[in-house]
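Participant: Just the structure for this:
(one chain, ligands or ions: 1)
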Amino acid sequence: MTQPQLSVAIIGAGAIARVHAEALASLGDQARLVAAADTDADTLREFCSACGIPRHHGSLAGLLDAGPPDLAIVCTPPGAHAAQSLACLRAGSSVLVEKPPALSVADLEQMAAAQGARGPWLATVFQHRFGSGALRLRSLIGSGVLGRSLLAICHTAWFRDQAYFDAPWRGRWDTEGGGPTMGHGIHQMDLLGYLLGDWTEVSALARRQARRTETEDLSLAHVTFASGAVASVVNSLLSPREESYLRFDFERGTVELRHLYGYGDGDWRVTPAPGYAEEVAAAWAAGDRGVPSGHRAQLGAVLRSLRARTPPPVTPAEALRTMRLVAGVYASAFAGRPVRPADLGPDSPFYDRMNGSGAPW
Ligand SMILES: NC(=O)c1ccc[n+]([C@@H]2O[C@H](COP(=O)([O-])OP(=O)(O)OC[C@H]3O[C@@H](n4cnc5c(N)ncnc54)[C@H](O)[C@@H]3O)[C@@H](O)[C@H]2O)c1
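Facilitator: Model prediction:
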């Protein structure tokens, strides 16, 4: 039986919306982009005309009234994500929301609760889980060929000048939800959790070192995982030589990934421990390859799940683990003590907002 074509709408027609529209077009006729909404009429007109989208709406409410799509992709600034995702889910549309999925753990829990058992579902964009390198490493970790995970390094060393913060929603707790921890390093921290599993404790510091913003412009953290592995995490927007760097030291080998905003197979490097050269090299060579990380890879996986009527990735449970780690970094940095996931429940000021009861600067 042929599966029906999915109808898709994009909410927020700015920079990242183009990436979604191009990725969807490259995935063939599994899905059709039927509508877009943006509050800026010029942006909306240009976007719809460039991407051949028939229905344009000046508001999400208008778009949903005209007929909810099978999938709504929420590409507005972070402060709009929770209310818009809830509106789409309540209208019966599954949602793929850009990172960060919400401004707080509380909001994301509310969004998760609006899913139905058989849909509509909520998924978050964390596109670096979907390149073949990450899939290969995850499968090697699962098979045990690398032995125990001992140590990881997770660095987001990016550069944003002062002008970057001129966009009205950037660098503010109430619209962006945080600085590089929430908005940039979240990609790498999500990949770290995808590969190493649940975290159990974080100790952190955050600074406003050089930019005029409300939020931090760098944070440093030590994270412990349930497996016993430990990681050193850096999130910076002050690093002129930019790099996203992840390094995993296992008992039987080191696996490294160096890239900036997206990786391919050539960005990974594996160094076996003495005595394990053949076993580790053979396992790494045998795995998946050829798929770069990016929106196309994740959208392909989301469409496959929706067409099979199963929850699309990245599920709210997975996104919540990452959002709790972000909240944990702020909670630890601002209170000056280690934080566990259980410390971040409804009694914590960091449950409702990432800056808790206020940044120390
Ligand atoms: N996954 C990634 O690698 C990645 C990369 C860049 C941005 N993002 C995320 O994508 C989101 C959007 O970022 P961007 O760079 O595209 O921003 P942008 O400012 O270029 O685009 C946002 C658009 O949303 C519109 N908008 C604002 N409020 C609206 C509302 N209430 N209803 C409808 N439209 C509204 C604006 O007019 C604008 O056109 C952010 O959450 C950002 O963090 C993700």
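Participant: tally of neighbours for the residue of the stretch 101-250 of the chain at minimum distance from the ligand?
Facilitator: Nearest to the ligand, among the residues of the stretch 101-250 of the chain, is residue 125, at 4.8 Å (Cβ to the nearest ligand atom). Using the backbone N, CA and C atoms, a C-beta is placed for each residue, glycine as well. Using other Cβ atoms under 10 Å, the number of residues around residue 125 comes to 26.
Participant: Excluding sequence neighbours, find me the nearest residue to it.
Facilitator: Nearest-residue entry for residue 125: residue 98, 5.0 Å, with adjacent residues in sequence omitted and distances by Cβ to Cβ, 6 or more residues apart in numbering.
Participant: That neighbour contacts residue 127, doesn't it?
Facilitator: No. With contacts counted by Cβ atoms under 8 Å, residue 98 stays clear of residue 127, the gap being 10.0 Å.
Participant: Select the longest helix from this protein.
Facilitator: For the chain, the longest helix by residue count, based on DSSP state H, is helix 316-335.
Participant: so does it get close to the ligand?
Facilitator: No. Applying Cβ under 6 Å from any ligand atom, one finds helix 316-335 separated from the ligand by no less than 12.6 Å.
Participant: Centre of the chain to that helix, how far?
Facilitator: In this view, helix 316-335 has its centroid 13 Å away from the chain centroid, taken as Cα atoms, centre = their mean, to the nearest Å.
Participant: let's number from 9 now, not from 1
Facilitator: Okay, using 9 as the starting number, the last item reads as helix 324-343.
Participant: So which bits of the helix or strand that it is followed by are buried?
Facilitator: Scanning forward in sequence from helix 324-343 by DSSP states H and E, the next helix or strand is helix 357-360. Residues 358, 359 are the ones in helix 357-360 that count as buried (16 or more other Cβ atoms under 10 Å).
Participant: Just the residues contacting helix 357-360, thanks.
Facilitator: 112, 113, 114, 335, 336, 338, 339, 352, 353, 364, 365 (Cβ atoms under 8 Å, 6 or more residues apart in numbering).
Participant: how does it look with 6 Å?
Facilitator: In this structure, residues lying in contact with helix 357-360 by Cβ atoms under 6 Å, 6 or more residues apart in numbering are 112, 113, 114, 335, 338, 339, 352, 364, 365.
Participant: Need the buried ones from those residues selected in PyMOL.
Facilitator: Of these, the buried ones go into a single PyMOL selection, burial set by 16+ other Cβ under 10 Å:
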select buried, resi 112+113+114+335+338+339+352+364
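Participant: ok and the residue in the chain nearest the ligand?
Facilitator: residue 22 (1.9 Å).
Participant: got a pLDDT number for that residue?
Facilitator: Per-residue confidence at residue 22 stands at 97 (pLDDT).
Participant: And it, how close does it get to residue 148?
Facilitator: As for residue 22, its distance to residue 148 is 38 Å (criterion: Cβ to Cβ, to the nearest Å).
Participant: what's the answer for residue 306, then?
Facilitator: 21 Å.
Participant: quick revisit: next up, the contacts around the residue nearest to residue 133.
Facilitator: Residue 106 makes contacts with 24, 83, 133, as judged by Cβ under 6 Å, 6+ apart.
Participant: Hmm, the last one is touching residue 103, no?
Facilitator: No. With contacts defined as Cβ atoms under 6 Å, residue 133 does not count as touching residue 103, sitting 10.7 Å away.
Participant: returning to what we had before: what's the neighbour count on the residue of the chain closest to the ligand?
Facilitator: Around residue 22 there are 15 other residues, counting by other Cβ under 10 Å.
Participant: check which helix or strand covers the residue sitting furthest away from the middle of the chain.
Facilitator: Centroid-distance maximum for the chain: residue 283 at 36.8 Å, with Cα atoms, centre = their mean. Assigned by DSSP H and E, residue 283 belongs to neither a helix nor a strand.
Participant: Please apply the same query to residue 221.
Facilitator: Counting by DSSP H and E, residue 221 is part of no helix or strand.
Participant: Mind telling me what element residue 219 is part of?
Facilitator: Here residue 219 is assigned to no helix or strand, by DSSP H and E.
Participant: Format the contacts of residue 106 as JSON lines; extra columns: secondary structure and distance to residue 56.
Facilitator: Compiled in JSON lines, the contacts of residue 106 are given as follows (DSSP: H, G, I helix; E, B strand; the rest coil; distance: Cβ to Cβ, whole Å):
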{"residue": "24", "secondary structure": "helix", "distance to residue 56": "16"}
{"residue": "83", "secondary structure": "coil", "distance to residue 56": "14"}
{"residue": "133", "secondary structure": "coil", "distance to residue 56": "21"}
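Participant: For residue 249, state which of those residues is nearest.
Facilitator: Nearest to residue 249, judged by Cβ to Cβ, of these is residue 24 at 24.8 Å.
Participant: right, and that closest one touches residue 84 too?
Facilitator: No. Taking Cβ under 6 Å as the definition, residue 24 is not a contact partner of residue 84, at 9.7 Å.
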